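S.K.: Prediction below, plus the sequence it came from.
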Amino acid sequence: MIDKASLRRQMRQSKAALTPEQKSAESSAVWQHVESTAVFAQAEHVLLYHSLPDELGSHDVIDRWVALGKSVYLPVVIGDDLVVRRYSSEAMQQGEFNIMEPTGLDVDTDVLQLIIVPGVAFDRNGNRLGRGKGYYDRLLSRTKATCIGVCYECQLVPAIPAEPHDKVMHYIITPEGVVKGM
């Protein structure tokens, strides 16, 4: 099995090889699949992420889901942890790692019903490789919400070296559809 550092390098190269058109098409397909799931239809309180340039684009999705009547929340980096705040387009600021974050009050993770999780790579067993700081693993350990990992097709790998503290996704969705489900 490949080690985590090598897998991160491999994924950076794979994502860099995607054209802007491929990234846009794959992002659109993933979000359509997410929006067609029963868990999305039932969830009123959804934690999404404000995408970085190398992640599935989420900026338009945030506003679309708000327009659909979803309460959308975003993670905010505070020290070594993520807190959750409700999204408001009028109350955003650049935070840690140049990620746009809401400026409102922290929200208890118990309110969340669905969490959409980005990652460096995923496997069909629901294992996720993050950027290496454990932010999402610590956040996910504090909630019972359903977790959907989303990724480009090239980020789906045969196996990810998992550790006991790593949180397994309930679903993995790629442009091809749901590849791991409950």
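M.R.: Sure thing, it's come through.
S.K.: I'd like to know how many residues surround Glu96.
M.R.: 12 (other Cβ atoms under 10 Å). C-beta coordinates here come from the backbone N, C-alpha and C atoms, glycine included.
S.K.: I'd say it and Asp80 touch.
M.R.: No - when contacts are counted by Cβ atoms under 8 Å, Glu96 is not listed as touching Asp80 (10.6 Å).
S.K.: quick one, what contacts the residue positioned nearest the centre of the chain?
M.R.: For the chain, the residue sitting closest to the mean C-alpha position, by Cα atoms, centre = their mean, is Val117 at 2.1 Å. By Cβ atoms under 8 Å, 6 or more residues apart in numbering, the contact list for Val117 reads 49, 128, 136, 140, 147-150, 169.
S.K.: tell me which residues of the longest helix seen in the chain are tucked away?
M.R.: Secondary structure of the chain per DSSP state H: the longest helix is helix 20-35. In terms of neighbour count (16 or more other Cβ atoms under 10 Å), helix 20-35 has its buried residues at 23, 26-27, 29-31, 33-34.
S.K.: The residue nearest to the centre of the chain and Tyr152: what is the separation?
M.R.: Distance, Val117 to Tyr152, using Cβ to Cβ, to the nearest Å: 14 Å.
S.K.: how about low-confidence regions in this protein?
M.R.: Where the chain drops to pLDDT under 70, the residues are 1, 181-182.
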